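[1] sequence first, then the predicted structure, then my questions.
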Amino acid sequence: MALQDIFYRLEYLGFTDVFLPFVLIFTIIYAVLQKISIFGTDSKRFNGIISLALSIGVIIPHVLGRYPPGTDVVQILNSALPNVSLL
């Protein structure tokens, strides 16, 4: 029962609505920047900062409700990921 309470508490705090999409977006952007090496071979710090800034730039408007209807990136991710995982 305690484990279930932990998951309910994380959901209440917005873990699945804020933190998980942030980590997913950050990871994807970071991996793409590492792969294309746009800033050179030793650019982990720059890639991390750029990935962090872009991830925050996507998550903050979602939290504040500033996206127009139908264009919220987090809601699109939440609806698309289950369908993608089936493939």
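    Happy to help now that I have it.

[2] on the three-state scheme, Asp42 is what?
    Three-state call for Asp42 (DSSP: H, G, I helix; E, B strand; the rest coil): coil.

[3] and the helix or strand of the chain at the bottom of the mean pLDDT ranking, what does it pack against?
    Among the helical and strand segments of the chain, the one scoring lowest on mean pLDDT, DSSP states H and E is helix 73-86, with a mean of 86. Here helix 73-86 touches helix 20-36, helix 44-64, going by 3 or more C-beta pairs under 8 Å, 6 or more residues apart in numbering; DSSP states H and E. To be clear about C-beta, it is placed using only N, CA and C from the backbone, and glycine gets the same treatment.

[4] got a markdown table for these, with mean pLDDT too?
    Formatted as a markdown table, those follow (pLDDT from 0 to 100):
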| stretch | mean pLDDT |
| --- | --- |
| helix 20-36 | 95 |
| helix 44-64 | 95 |
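
[5] export those helices as TSV, with columns for mean neighbour count.
    Formatted as TSV, the helices and strands packed on helix 73-86 follow (neighbours: other C-beta atoms under 10 Å):
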stretch	mean neighbour count
helix 20-36	15
helix 44-64	15
